[in-house]
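>>> the amino acid sequence is not available; the structure is as follows:
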């Protein structure tokens, strides 16, 4: 059964937080709480505004992945909160690829010029995934002034 990718709904709140925190803390050992991520606590206000959005990947009714697109203007967006449960990475599910394709399709449909992402050194597999998808590294000093940096990216 293929995954279902759909926009975030308020009823997804607890499952999204549980998935993201499990990956951040348990898998990568990053000592962070939901409270330290205000965007995660209020997804509609942070992501589902302007040209932004937030999607979830579902396997049956279980949320197995997330991706957010934050409208940072002018014509730019920041890719945020891309997390996929280990069970759904790569073949046969390819949840990450499906989420990224949905996000980039949305970006094209809404005439965004650029999608920029920030990540941390711990996420080496994610770096390779993004590079295969066409993303290129940008030195921190070359980021646009309006790009919002997250606490984990600054460390």
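Now that the structure is in, tell me what you want to look at. Since this is a predicted model, take the numbers as computed values, not measurements.

>>> alpha carbons only for contacts and neighbour counts from here, please
OK.

>>> low-confidence ranges in this protein?
Within the chain, the segments meeting pLDDT under 70 span 1, 150-155.

>>> which helix in it has the most residues?
Across the chain, the longest stretch assigned as helix under DSSP state H is helix 95-109.

>>> what strand or helix carries the closest residue to residue 73 other than its chain neighbours?
Using Cα to Cα, 6 or more residues apart in numbering and skipping residues adjacent in sequence, the residue nearest residue 73 is residue 146, 7.7 Å away. Assigned by DSSP states H and E, residue 146 falls within no helix or strand.

>>> my read: residue 146 touches residue 72, true?
Yes. Residue 146 is within contact range of residue 72, at 6.7 Å (criterion: Cα atoms under 8 Å).

>>> ok, these two, which is more surrounded?
Taking other Cα atoms under 10 Å, residue 146 and residue 72 do not tie; residue 72 has more neighbours (17 against 11).

>>> if I look at the residue nearest to residue 73, how far off is residue 70?
Here the criterion is Cα to Cα, to the nearest Å. By it, residue 146 lies 12 Å from residue 70.

>>> residue 149 now?
For residue 149, the distance to residue 70 - Cα to Cα - is 12 Å.

>>> residue 11 too?
Taking Cα to Cα, one finds residue 11 at 20 Å from residue 70.

>>> between those two, who's got more neighbours?
residue 70 (28 against 8).

>>> I'd guessed that one sits against residue 44; true?
No. Between residue 70 and residue 44 there is no contact under Cα under 8 Å: 10.6 Å.

>>> so for the helix or strand where residue 44 lies, what gets flagged as buried?
Following DSSP H and E, the helix or strand that holds residue 44 is helix 43-46. Neighbour-count burial for helix 43-46, counted by 16 or more other Cα atoms under 10 Å, picks out 43, 44, 46.
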